[in-house]
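>>> Provide a 3D model corresponding to the input given below.
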Amino acid sequence: LCPEEKMVSGMCEAGWWSIAETTLISIFSAIAAMFVLAVSSFITPSERPEVILLTLFIGGMAAVFLGIQSNEWVAMVSAVVSGIITAIYFFKKYKNRV
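Numbers count the residues shown, from 1 in each chain. Below you'll find the predicted structure:
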């Protein structure tokens, strides 16, 4: 993605690179949070609400810990918000079936 003239010792020095990198990391951390909740929901159909809550709590704690350790605040927030939205979606979907 980075033009060769902007590469310095393997690092991209283009002005737009940090924004693009943060955006990509945030998008993929949100997608990962959605997949983790979806997989845990599909694996345990009989205990779905409890597993979703437990996965959301543990995943949220992991996202906060890793976000603080790596100073990736935007990725942390996107993962937590994505997890909450996905959990709400699965709760509504499960509620309609019961």
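>>> The worst-scoring helix or strand of the chain on mean pLDDT - contacts with which helices or strands?
The weakest-scoring helix or strand in the chain, judged by mean pLDDT, DSSP states H and E, is strand 11-12 (a mean of 86). Where contact means 3 or more Cβ pairs under 8 Å, 6 or more residues apart in numbering; DSSP states H and E, strand 11-12 is not packed against any helix or strand. For glycine as for every other residue, the C-beta is placed from the backbone atoms N, C-alpha and C.
>>> Work out the sheet partners of that strand and label each with its direction, please.
Paired strands of strand 11-12, with direction, are strand 7-8 (antiparallel) (DSSP bridges).
>>> Need the contact partners of the partner strand.
Strand 7-8 is contacted by residues residue 13 when judged by Cβ atoms under 8 Å, 6 or more residues apart in numbering.
>>> what's the model's confidence in that strand, averaged?
Per-residue pLDDT over strand 7-8 has a mean of 89.
>>> next structured bit after the least confident helix or strand of the chain?
Moving toward the C-terminus from strand 11-12, the next helix or strand (DSSP states H and E) is helix 17-43.
>>> ok, so what distance separates residue 16 from residue 72?
Distance, residue 16 to residue 72, by Cβ to Cβ, to the nearest Å: 18 Å.
>>> no, scratch that, I was asking about residue 12
Distance from residue 12 to residue 72, by Cβ to Cβ: 18 Å.
>>> related to what we said a few turns ago, have a look at residue 16 and residue 72 and say which one is more surrounded.
residue 72 (18 against 11; other Cβ atoms under 10 Å).
>>> Now that one. Its backbone dihedrals?
phi -100, psi 70 (degrees, to the nearest 10).
>>> Can you report how many residues neighbour the nearest residue to it once chain neighbours are set aside?
The shortest distance from residue 72 to any non-neighbouring residue, by Cβ to Cβ, 6 or more residues apart in numbering, is to residue 25 (6.4 Å). The burial count assigned to residue 25 is 16, neighbours taken as other Cβ under 10 Å.
>>> residues contacting residue 25?
Per Cβ under 8 Å, 6+ apart, neighbours of residue 25: 72, 74, 75.
>>> Of the residues you listed, which is the nearest to residue 82?
Nearest to residue 82 among these is residue 75, at 10.4 Å by Cβ to Cβ.
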